[in-house]
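what shape does this take:
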Amino acid sequence: MTDETPETIRVDKWLWHARFFKTRGLATRVVGDGKVRVDGTPISKPARTVGPGNVLTFAQGRVIRVVKIVAVGDRRGPAAEAQGLYEDLTPPAAQAPPKNPRFEGKGRPGKKERRGMAQQKGDIGDRDLE
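Numbers count the residues shown, from 1 in each chain. Have a look, this model is predicted:
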């Protein structure tokens, strides 16, 4: 046997080697459900082979990942080694919309503050009591 790495590898095995999924069975299930695209084409067979230059698109949690395969790899090694197997093309996450502004931590105005605001506006003042 030679120590050369193969030029292609099963897509489920590569996803597991690159540490996108915790188990190979989970990677197989995601591919089998048709949730992985290779170069824009949806696939549903975990035995589909991929190699350097292929672009994979798949969902990982709530994030859609887009990665370009750089190397095949021969084992599931540490995270630093796994990050060398791909180039991340995932666009940066869009910022969440800002939350509603708060009333500076003071809460709702009380009866006294409401009367003061109304008096400043001129709503309450000189009342005719005729």
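
contacts, neighbours, all on C-alpha from now
Fine.

just the strands in the protein please.
Remark: strands assigned in the chain by DSSP state E are 9-10, 36-38, 41-43, 49-50, 55-60, 63-69, 86-88.

most neighbours per residue, which of those?
For the strands of the chain, the largest average neighbour count (mean count of other CA atoms under 10 Å) is found in strand 36-38, namely a mean of 20.

show the contacting residues for the closest residue to residue 30 other than its chain neighbours.
Closest residue to residue 30 in three dimensions, ignoring its sequence neighbours and counting by CA to CA, 6 or more residues apart in numbering: residue 36, at 7.0 Å. When contacts are counted by CA atoms under 8 Å, 6 or more residues apart in numbering, residue 36 is found next to 30, 42-44, 56-59.

and of those, the nearest to residue 85?
Checking these against residue 85 with CA to CA, the nearest one is residue 56 at 12.4 Å.

any idea what the residue nearest to residue 30 is bridged to?
For residue 36, the beta-bridge assignment (DSSP bridges) gives partners residue 43, residue 58.

would you list the contacts of residue 36 in a markdown table and tack on pLDDT and distance to residue 89?
Shown next, in a markdown table, are the contacts of residue 36 (pLDDT from 0 to 100; distance: CA to CA, whole Å):
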| residue | pLDDT | distance to residue 89 |
| --- | --- | --- |
| 30 | 95 | 20 |
| 42 | 95 | 18 |
| 43 | 95 | 20 |
| 44 | 93 | 22 |
| 56 | 96 | 10 |
| 57 | 95 | 10 |
| 58 | 95 | 12 |
| 59 | 92 | 13 |
